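**Q** The sequence and its predicted three-dimensional model are supplied below.
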Amino acid sequence: MGSIAKSLLQYNGKTFLENQLTTLMQAGIQSIHVVTGYHHAEIEHELNKLIESGKFPDPKSIRILRNPAPERGQQSSVHLALEAIDRDCDQILIALADQPLINAKDMIELIDAFANRDIGKEILYPIVDGQRGHPVLLSGPALTLYLAQAGKMSCRQFIDSTPERVIQWPTNNRHYIIDVDTPEDLNKLG
């Protein structure tokens, strides 16, 4: 969105950032890593205000990571977060800041689908009308495998290179594919 931080855009009276943090906590996510890059000062200021507001039951579960090279793209932010995650995690959810329609029910559906996965399947992402969506879920073993490849490929490349480990979870829920990249996208949300 150019000079505007997407995570600070408003939808239904809340910033995308506040909406996503609330959604993640309502879905039972225990540890949240927020990666900032461009517009880091404004985003971190807003995040600290939200944390200090007392709206979140466990503000210590939210950690801010600043991408020192945001010009390297989204995958560099994903990599930064994945490197910072506790290696004992059994599920890792990679969510994007520009999907304001995703709610706790949507997150729980993904988490439940992941919990009921077949043996050997370590990665899950939603597919809506043939389109790949987000969030993406990884198991702890998948995180370990990815980190062993770190520097050789992005997380997306890792996922694409291991199709035998991937579940493309079919759903009709369009929340998983609707994101905001332009002012027109924001206007379409209503």
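**A** That came through fine.
**Q** Next, count neighbours for the nearest residue to N67 once chain neighbours are set aside.
**A** Nearest in space to N67, with sequence neighbours left out and distances taken as CB to CB, 6 or more residues apart in numbering, is G37 at 3.9 Å. Bear in mind the C-beta positions are built from the backbone N, C-alpha and C, glycine included. Counted with other CB atoms under 10 Å, the neighbours of G37 add up to 20.
**Q** What distance do you get for G37 to D112?
**A** Taking CB to CB, to the nearest Å as the criterion, G37 is separated from D112 by 32 Å.
**Q** cool, E184 as well?
**A** Counting by CB to CB, the separation of E184 from D112 is 34 Å.
**Q** Need the residues that contact the lowest-mean-pLDDT helix or strand in the chain.
**A** Across the helices and strands of the chain, the lowest-confidence element by mean pLDDT, DSSP states H and E is helix 183-189, at a mean of 84. Outside helix 183-189, the residues within contact range by CB atoms under 8 Å, 6 or more residues apart in numbering are 1, 9, 11, 100-101, 178-180.
**Q** Repeat that for stretch 72-82.
**A** Taking contacts as CB under 8 Å, 6+ apart, the residues outside stretch 72-82 that touch it are 33, 35, 37, 65, 67, 69-70, 92, 94, 96, 143, 146-147, 150, 154-156.
**Q** Output that stretch as CSV, nothing but the C-alphas.
**A** Extracted as CSV, the C-alpha positions of stretch 72-82 are listed here (Å, rounded to 0.1, in the frame of the first residue of the first chain):
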residue,chain,number,x,y,z
ARG,A,72,14.3,-8.8,0.7
GLY,A,73,10.6,-9.5,0.7
GLN,A,74,8.0,-11.3,2.7
GLN,A,75,9.9,-14.6,2.8
SER,A,76,12.8,-12.9,4.7
SER,A,77,10.2,-11.9,7.4
VAL,A,78,8.9,-15.5,7.5
HIS,A,79,12.4,-16.8,7.9
LEU,A,80,13.2,-14.4,10.7
ALA,A,81,10.1,-15.5,12.7
LEU,A,82,10.8,-19.2,12.0
